[in-house]
Each structure stands twice: as structure tokens, then as C-alpha cells.
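[1] Sharing a model that was predicted from the sequence below.
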Amino acid sequence: MRRLLVSVLICLWIFAALLSACGAATSSDPAARAVEGYLTVLVDKDSNRLAALSCATWETNALMELDSFQAVQTRLDGLVCQTTGTDTGTALVTCKGKIVATYNNEDQELDLSVHTYYVVQEGGEYLVCGYR
């Protein structure tokens, strides 16, 4: 019985270690997560949340970008972002994947790798502040 208890405890410890490792991996790149969140609410067409995930100087541009998707169905495909560097207090984030815009059963794919996103920290939050 004691041997079974020890085995169960070891399995639980390994499981907890694996879960904490997964959590650390997802929380270690907040700038990349900010861009992923921004792109997600962009294709979900949530203007309030998009504005909240944008820095003040980018908010108008973000909302204009959202307006360009109003007449089409949109979805993300294969989105993965990572921070690739910094530039004077700004995190630089690149993404792989695409936005698929569908109109009249015809898909147009927008490659996300063509942009490098600028992410700044304002008030403790990472916010998208444009791209090049």
C-alpha cells in the first residue's frame, strides 16, 4: 500500500512539474501574447477590446484596420508570435500564420509574417503600437 502511495505521489509531482513548465512557457513572452491578443480581437471584430490592446497613438489606426474587415468573415490560421528584439523601449514582435478573409465563398490570405509589430508597455500592460 505504501508503495502505491509513493507511486501516486511521484506521478502527481511529475504532472504538476509539467503543468508549471507549460504555464511558464506561455507567460514568458508577454509582448508576443499582446500581439496574439490584438490579432485575435481584430478578426473577432471587437472594437472595444481592440482599442484596449492598442497604445493611444495607434488606436485610430487599429480601428481603421478593423473597419477594413467589416464586410468579410475573418479567421486566424496558424498564429504564432515571438519577440525578436527591442528598439528603444519597444519590443519587436514577428508572427507566423495568416488572417483568412472570406467574401462570397472566396478566401484571401493575409500573411502575418510581412509585419514586425511594435509593442510598448503602458501602465503595466503590453500594447500594440503599430508595425512596419
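    That came through fine. What you see is a predicted model; the values in this text were computed from it and never measured. Numbering: from 1, shown residues only.

[2] Kindly tell me how buried Glu125 is, as a neighbour count.
    12 (other C-beta atoms under 10 Å). Every residue, glycine included, has its C-beta placed from N, CA and C.

[3] what residue ranges in this protein score low on pLDDT?
    1-27 (pLDDT under 70).

[4] show me the contacts for the residue nearest the centre of it.
    When C-alpha atoms, centre = their mean is applied to the chain, the residue found nearest the centroid is Glu36 (1.1 Å). Applying C-beta atoms under 8 Å, 6 or more residues apart in numbering, we find Glu36 in contact with 79, 81, 95.

[5] helix or strand for the second one, which one?
    Counting by DSSP states H and E, the element that carries Cys81 is strand 73-87.

[6] now for the helix or strand just after that strand, which elements pack on it?
    Next along the chain after strand 73-87, taking DSSP H and E as the criterion, comes strand 90-103. Judged by 3 or more C-beta pairs under 8 Å, 6 or more residues apart in numbering; DSSP states H and E, strand 90-103 is in contact with helix 30-44, strand 73-87, strand 106-111, strand 116-122.

[7] And the residue nearest to the centre of the chain, how close does it get to Thr88?
    Taking C-beta to C-beta, to the nearest Å as the measure, Glu36 falls 23 Å from Thr88.

[8] do the same with Gln108
    From Gln108 across to Thr88, the span is 35 Å (C-beta to C-beta).

[9] Could you do Glu59 as well?
    Distance from Glu59 to Thr88, by C-beta to C-beta: 21 Å.

[10] Could you check which of those two has the larger neighbour count?
    A count of neighbours by other C-beta under 10 Å puts Glu59 above the other of Glu59 and Thr88, at 17 against 4.

[11] Next up, phi/psi of that one, please.
    Phi and psi for Glu59, reported as degrees, to the nearest 10, are phi -50, psi -50.

[12] Can you tell me the number of residues neighbouring the closest residue to it other than its chain neighbours?
    Sequence neighbours aside, Ala51 is the residue nearest to Glu59 in space, at 5.2 Å (criterion: C-beta to C-beta, 6 or more residues apart in numbering). When neighbours are defined as other C-beta under 10 Å, Ala51 has 16 of them.

[13] I'm done for today, thanks for sticking with me.
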